[in-house]
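[1] Pasting the sequence and the predicted model now:
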Amino acid sequence: MLVVGFPVGQLQANCYVLAPHEGGECVVVDPGQDAVEAAREQLDNHGLTPVGVLLTHGHFDHVFSAGELCESYGIPAWVHPADRYMLSDPGAALGPEGRQLFDGVSVKVPGDLRELSGDTVLKLAGMEFDVRPAPGHTGGSVLFGTTTEEGGRLLLTGDTLFAGAIGRTDLPGGDHERMLETLRGEILPRPDDTAVLPGHGTTTTVGRERAGNPFLRGLGTSDDAVD
């Protein structure tokens, strides 16, 4: 599997391009601010054709370029319905002070915007993505899990889990208790060798975070283990 990650925008959010191999179809995950040219460069370098955009949550630093990218390639985007409003009103998720940043800013919403409802499996570009709800950072945060041909496990966590940290829960739509439930029920039960591709910062593994992430210590695990 080909996995290319690169930071974009002022907040250096990670955008990812995933494909079974070079020279075929792919998906783009979380194209945030100023992501179009960076994504197009990676697509051209690897001879890839995008068939869809996946959004881990609705914050502007992860979705800002989704509309433009989707229009350029004529492809749909997927987002959880609880975060859909953020794509057309990015300031709504930032509180009163943050909202001022988007006064007068025009945001292009994907013309074909599809909802992720409940647990589902998306089959795109020859890959399968297991979609799990992960509320806490936002009400509509999700995790995208997939496997490589060699049997490796990948988990795109957005701003739910980082290397050594977790996403903030103090913005509108955030909920600390729900975040802890997500970590306990959706992160900790996963195998240690699961590679974590976070929304910011460096890649890590579930095992590394289980051992060293201070926010995961003492949480235990939920009865709702992930297969």
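    Great, that's in hand. For clarity, every value in this text was computed on a predicted model and none was experimentally measured. Numbers count the residues shown, from 1 in each chain.
[2] would you list every one of the helices in the chain?
    Counting by DSSP state H, the chain has helices at residues 35-45, 60-63, 66-73, 85-88, 95-99, 176-182, 206-212.
[3] Pick the most buried one from these.
    Of these, the one with the most neighbours on average (mean count of other CB atoms under 10 Å) is helix 60-63, at a mean of 26. In short, each C-beta sits where N, CA and C put it, glycine included.
[4] and Ala125, how far is that from Cys26?
    5 Å (CB to CB, to the nearest Å).
[5] Let me see the contact set for the residue nearest to Ser88 when sequence neighbours are not counted.
    Of all residues beyond its chain neighbours, the one nearest Ser88 is Val109 (5.0 Å), with distances taken as CB to CB, 6 or more residues apart in numbering. Contacts for Val109 were tallied using CB atoms under 8 Å, 6 or more residues apart in numbering; they are Ala66, Gly67, Leu87, Ser88.
[6] that older thread, what's the closest of the helices of the chain to Leu113?
    Ranking the helices of the chain by distance to Leu113, with CB to CB as the measure, places helix 85-88 first at 7.0 Å.
[7] hang on, the earlier thing: where does the residue nearest to Ser88 land on pLDDT?
    Here, the pLDDT recorded for Val109 equals 95.
[8] From Gln42, how far out is Leu155?
    21 Å.
[9] swap in Asp192?
    29 Å.
[10] Spit out the contact partners of Lys123.
    Phe129.
[11] can you pull up the bridge partners for it?
    Glu128 (DSSP bridges).
[12] Can you give me the distance of Leu124 to Phe64?
    As judged by CB to CB, Leu124 and Phe64 stand 22 Å apart.
[13] One more: Thr160?
    From Thr160 over to Phe64 (counting by CB to CB), the distance is 19 Å.
[14] Equivalent analysis for Pro172, please.
    If you measure Pro172 against Phe64 using CB to CB, the figure is 18 Å.
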